[in-house]
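Colleague: sequence and computational prediction follow.
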Amino acid sequence: GSWTILQLVEALGFCLENTDPRTRGRGIQLLSQVLLECHSLLQEKEVLHLVLFYENRLQDHHLLIPSVLQGLRALSLCEVLAPGLAVSVLKAIFQEVHVQSLLQQDRYTVYSIITNFMATREEELKGLGADFTFGFIQVMDGEKDPRNLMVAFQIVHDLIVKNYALGPFVEELFEVTSCYFPIDFTPPPNDPHGIQREDLILSLRAVLASTPQFAEFLLPLLIEKMDSDLQSAKLDSLQTLTACCAIYGQKELQEFLPSLWSSLRREVFQTASEKVEAECLSALHALSACLSRSVLSSDAEDRLDSFLSSILQDCRHHLCEPDMKLVWPSAKLLQAAASASLRSYHRLTHSILPLLLEQYNKHSQSSQRRTILEMLLGFLELQQKWGHVEEDESALLSLQETVCSVVFSALTDPSVQLQLVGIRALTVLGSLQGFLSPSDLELVVDHLVRLALHEEDSQSSEAAMEAAGSLAPVYPKVFSGRMVPRLGEELQSGRTDSLAKGLISGIGRCLQALAAVSTHTSIVRETVPVLLQHLRNVEAGNAQEVVSVCQSLHRVALQCQQDAEGCWYYHQTVVPCLLAMAVQAATQGKHRGSSKKENSGSATLRCLLSLRLAAQSVSHVVPLFLDGEVSFLPQNSFPCSFQPFEVCGPQRRLVALLMAFVCSLPHNVVIPQQERLLRELLALSCSCSCPFTATTASKCFAGLVNKHPAGQQLDEILQLAVNRMEPGLTEGPHRTQALILLLWVTKALVLRYHPLSSHLTDKLLGLLSDVELGPIAADGFSLLMAESPDVLHKGCHADVRIMFRQRFFTDNVPKLVEGFHGAGADVKANYLKSLSHVLNHLPKPVLVTELPTLLSLLLEALSCSDRVVQLSTLSCLQPLLLEAPQIMSLHIDTLVTKFLSLASSPAMVCALLSAPHTLLLCPTVVVLQLLPYKARVIRALAKPLDDKKRLVRKEAVAARGEWFLVGSPGR
């Protein structure tokens, strides 16, 4: 049945009126538990009577108080609570309950009651005035539990931000909260409540920085804690000061500005902590910003001006000191203050910029000039932050000629580091609208061309190209009219300076510079024809130059992606031209032309994968390859028809370009004649004698199959592929091609969790016992698990399911282990190699949990004669040595013996030396077990000390030194 609350109270009458406080307590406890469950069902009159009853019980025996508070918490949640009852309850708690004498849970209940009433009865509580604030201060005073403090800090924060009356109790409220500053709390291990020190710090900071009324009490406290020896106290104080500046004004800060500046200056000049320095600079920035926001009356003193004057007075002279010891700390302080507002920036730069320019010309050493220019660069970047240069206020504009002279001189300095800073400064100056004159811009371009093409150091050359790319969109006419023609002339004449070490040709730099500057559509229209013309003029057989041009075109494509107009132009101009050149080379049928096409094809592949408009080209590209439709290509008069699937020779190699297009398309793009294309690719992959062409066709087929919609058509294609592969794997001249196709199709299906993938994987497992194909099949397991760079990855929209590697491991490793145990001695290495490839591509957490069950097999793999197996096994064992030392300690004898037996192999010695070195990172129990092997290992490691390779000697010295220390004190 069901009871009303009145019936329940009547039924509990005996308990509630009993003379024994424990009995009364149990009755109230039961009633409170019922109220917590059904408080939403109570009527207004019922709530009224219950509130009066519970208020009365607060005067009862102390054993009853916890249960009474639980009942009041339930009633505080009632929506039908009559007006005035919330105030009545809180008054009763404030008067009758000594909260801090209660247990933690009961104190938490009191805070919950207050929180509930503040959320629902705000106006009633505000009617109490400052009495409510005083009452809460009494409740909170002395609280120590972090769970309760989190709630209490939130209540104080709400008191302030919701404008409760604080009355004369502002200082008391500050004292009751600031006593916890700075927070010193370390959560106990395995704390179920999850309260961290940072949570308490942020909650308390929100309280302290919530009102300017705390300023007169808080700022002296912060200054005191800044002088603390504890770094955590310094950081907390600085971060709190920064937070306070967001709500403080000049009135609150003015009395404490000298002391605050003194503390901040001292910390920046003296601290060895980067964190403290960064927080000091943030605080200084906040102080300057706060003073900048203050609205001044006509007769008020400008505190910002006086504050900045103090900063200048204390920092300016350090910029002129010959030893330059405090140059950087002073510059950081000045820049932090200048970055606060445009007012502060103008005030400081009027004094600092002329001084820095004077000091630059005064010093002759490149290192000193670099330091000064870096400081100048910092102020230039601040001007960049504030935007357009104002003629009437900017010190920078009045110093335009001197600034440009300094920057240009840095660009011609022999010091590479000074050049790099100069290039950065030049980029910033160029971004300031209206700062550089037309003649300056021409000089900028000349410097960038010189640095990009003729500077021996590659750092300066690359930085100049990057700067050109940044400035070109700002001044497209200047760069397209002056820089691009210069680069074109250099490229055409080939008269660029050679580099001392010959690391990169001058023509190569020209190509890179043309690509780097192509960051605006108008410039792209100038540079692309130059690049394409150069590609046409490259001598046959010059593969490296062809690849360089294609890499430059690839970079242009990437830079055009965010520009619809530039992307469209690139797509309409470059793609048909590249295809036409490749087809031209292929149809000539000459070896040199074929070589040129093959090298450009791989680089062009990257270009095409970058294009958003590639989907539109598929309607032209597929007919080109299937039917030889060349009408859309420029200069389409070729020596013979283009039929790559029918004509043997160079034409077939262009399947790489087909793969670039069709395998990079999103799922929703329809590929014309897809079924026919798949059949042609399948036939080519199984019958072509050229390994490159057969592999490319297999990859293209797999890429299409991976994204093909599930259904009858896909099932038919896959069945056709299986019917072609199975006979090819059994016998004939194309067994290897059939295996390559099997690997790629298996990978395509494994990635998308297709049901046929298990059948194909079983085929691969069966081939591990084949003497001819077994080693290739074993290496193929690396292909299955690794990410392919050109197809079947997420970048080309492949269907890749999460955790496919873990699933493959679970399904197939037991079969590998079983096959290993049943295999003959001549093919066991194939199974070990397959297993090591699978394990090496597993995520490390999964690998550590699974390796112990396979440990005996891995130890056996160390004895395998295949070097790939040995290296792969070592890389598998290393995480187990670190993460599961207890398991590895059972096999120390075997590990040390096998490691040392491999030491005679020069090819293995580097990997080997890292393994015993890793053993020393295990816990003490393992190190103690190493002691019997110490002398033996040290003797064995003596031999690699005389190895011809420096890296081997280096590893041997490190490993041997660690083994000498085994068993030493402190190890």
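Modeller: Here it is on my side, so go on. Residues are numbered from 1 along each chain as shown.
Colleague: got the domain ranges for the chain?
Modeller: What the TED database lists as the domains of the chain is 1-82, 102-210, 437-560.
Colleague: all strands for the stretch 51-200 of the chain, in order.
Modeller: Chain-ordered strands for the stretch 51-200 of the chain, with DSSP state E, counting those that start in this stretch as the definition, do not occur.
Colleague: the helices in it, which residues?
Modeller: Taking DSSP state H, counting those that start in this stretch as the test, the helices found in the stretch 51-200 of the chain are 65-76, 85-96, 104-120, 122-126, 130-140, 146-161, 170-178, 197-208.
Colleague: in the chain, where's the longest helix?
Modeller: As far as residue count goes, and with DSSP state H defining each element, the longest helix of the chain is helix 564-588.
Colleague: winner for burial among the domains of the chain?
Modeller: Highest mean neighbour count among the domains of the chain (mean count of other CB atoms under 10 Å): domain 437-560, with a mean of 20. The way it works is simple: take the backbone N, C-alpha and C, and place the C-beta from them, glycine included.
Colleague: now do it: distance from first to last residue.
Modeller: Between the opening and closing residues of domain 437-560 there is a gap of 29 Å (CA to CA, to the nearest Å).
Colleague: on that earlier part again, quick one: the helices of the stretch 51-200 of the chain as CSV, columns for mean pLDDT too.
Modeller: Formatted as CSV, the helices of the stretch 51-200 of the chain follow (pLDDT from 0 to 100):
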stretch, mean pLDDT
helix 65-76, 92
helix 85-96, 92
helix 104-120, 94
helix 122-126, 92
helix 130-140, 94
helix 146-161, 94
helix 170-178, 94
helix 197-208, 94
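Colleague: could those helices go into a markdown table alongside distance to A515?
Modeller: Formatted as a markdown table, these follow (distance: least, CB to CB, whole Å):
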| stretch | distance to A515 |
| --- | --- |
| helix 65-76 | 69 |
| helix 85-96 | 72 |
| helix 104-120 | 61 |
| helix 122-126 | 64 |
| helix 130-140 | 66 |
| helix 146-161 | 55 |
| helix 170-178 | 60 |
| helix 197-208 | 47 |
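Colleague: looking at those helices, spot the one closest to F632.
Modeller: Among those, helix 197-208 comes nearest to F632, with 62.1 Å by CB to CB.
Colleague: if we look at the closest one, which residues are touching it?
Modeller: Counting by CB atoms under 8 Å, 6 or more residues apart in numbering, the neighbours of helix 197-208 from elsewhere in the structure are 146, 149-150, 153-154, 156-157, 160, 174, 177-178, 180-183, 185-187, 214, 218, 236, 239-240, 243-244.
Colleague: please enumerate the helices of the stretch 551-700 of the chain.
Modeller: 564-588, 591-609, 614-627, 650-653, 655-662, 674-687, 691-707.
Colleague: and these, which one is worst for confidence?
Modeller: The stretch with the lowest mean pLDDT among those is helix 591-609, which comes in at a mean of 43.
Colleague: re earlier: and the domains of the chain as JSON lines, adding distance to R676?
Modeller: Output for the domains of the chain, formatted as JSON lines (distance: least, CB to CB, whole Å):
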{"stretch": "domain 1-82", "distance to R676": "69"}
{"stretch": "domain 102-210", "distance to R676": "61"}
{"stretch": "domain 437-560", "distance to R676": "29"}
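Colleague: which of these sits closest to M803?
Modeller: Between M803 and the domains of the chain, the shortest gap by CB to CB is with domain 102-210, which sits at 28.4 Å.
Colleague: so what's the gap between that closest one and the chain middle?
Modeller: 37 Å (CA atoms, centre = their mean, to the nearest Å).
Colleague: that one: end-to-end distance?
Modeller: 29 Å.
Colleague: give the contact list for S273.
Modeller: Shown in contact with S273 (CB under 8 Å, 6+ apart): Q231.
Colleague: where's it relative to K234, distance?
Modeller: The span separating S273 from K234 equals 8 Å under the rule CB to CB, to the nearest Å.
Colleague: same thing with I523?
Modeller: 51 Å.
Colleague: nearest residue to Q154 other than its sequence neighbours?
Modeller: In space, Q154 comes closest to S203 once its chain neighbours are excluded; the distance is 6.7 Å by CB to CB, 6 or more residues apart in numbering.
Colleague: what distance do you get for the one you found to E716?
Modeller: When distance is defined by CB to CB, S203 is 65 Å away from E716.
Colleague: okay, and the common contacts of S273 and K234?
Modeller: With the criterion set as CB under 8 Å, 6+ apart, the contacts of S273 and K234 do not overlap.
Colleague: what's next to stretch 150-167, contact-wise?
Modeller: Counting contacts by CB under 8 Å, 6+ apart, the residues outside stretch 150-167 that touch it are 108, 111-112, 114-115, 118, 122, 125-126, 129-130, 132-134, 136, 140, 143, 173, 177, 195, 199-200, 203-204, 206-207, 210-211, 213.
Colleague: send me it as CSV with only the CA atoms.
Modeller: Extracted as CSV, the C-alpha positions of stretch 150-167 are listed here (Å, rounded to 0.1, in the frame of the first residue of the first chain):
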residue,chain,number,x,y,z
MET,A,150,35.2,23.0,-3.0
VAL,A,151,31.6,23.6,-2.1
ALA,A,152,32.4,26.4,0.4
PHE,A,153,34.5,28.3,-2.2
GLN,A,154,31.7,28.1,-4.7
ILE,A,155,29.3,29.5,-2.1
VAL,A,156,31.6,32.4,-1.4
HIS,A,157,32.0,33.1,-5.1
ASP,A,158,28.3,33.1,-5.5
LEU,A,159,27.9,35.5,-2.6
ILE,A,160,30.1,38.0,-4.3
VAL,A,161,29.2,37.7,-7.9
LYS,A,162,25.4,37.6,-7.2
ASN,A,163,25.7,40.8,-5.1
TYR,A,164,24.7,39.5,-1.7
ALA,A,165,25.3,42.1,1.0
LEU,A,166,28.7,41.8,2.6
GLY,A,167,28.2,44.7,4.9
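Colleague: L77 touches T115, doesn't it?
Modeller: No: contact status for L77 versus T115: not in contact, 10.7 Å apart, counting by CB atoms under 8 Å.
Colleague: burial count for K332?
Modeller: Here the number of neighbours of K332 (other CB atoms under 10 Å) works out to 19.
Colleague: ranges for the strands of this structure?
Modeller: Applying DSSP state E to the chain gives no strands.
Colleague: by mean pLDDT, flag the weakest helix or strand of it.
Modeller: Taking mean pLDDT, DSSP states H and E as the measure, the helices and strands of the chain show their lowest mean at helix 591-609, namely a mean of 43.
Colleague: thinking again about what came up before, relative to S306, which of the helices of the stretch 51-200 of the chain is closest?
Modeller: When those are compared by CB to CB, helix 197-208 sits nearest S306, at 26.4 Å.
Colleague: got the angle for the closest one vs helix 146-161?
Modeller: Angular relation of helix 197-208 and helix 146-161 on a 0 to 180 degree scale: 20 degrees, by axes from the mean of the first three to the mean of the last three CA atoms, to 10 degrees.
Colleague: angle of helix 197-208 against helix 170-178?
Modeller: Using the same axes, to 10 degrees: helix 197-208 against helix 170-178 is 170 degrees.
Colleague: then helix 197-208 to CSV, C-alphas only?
Modeller: Extracted C-alpha coordinates of helix 197-208, given in CSV (Å, rounded to 0.1, in the frame of the first residue of the first chain):
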residue,chain,number,x,y,z
ARG,A,197,45.4,20.4,-5.9
GLU,A,198,44.7,22.3,-9.1
ASP,A,199,40.9,22.1,-8.5
LEU,A,200,41.3,23.7,-5.1
ILE,A,201,43.7,26.4,-6.5
LEU,A,202,41.3,27.4,-9.2
SER,A,203,38.3,27.5,-6.9
LEU,A,204,40.1,29.6,-4.4
ARG,A,205,41.5,31.9,-7.1
ALA,A,206,37.9,32.4,-8.4
VAL,A,207,36.9,33.7,-4.9
LEU,A,208,40.0,35.9,-4.4
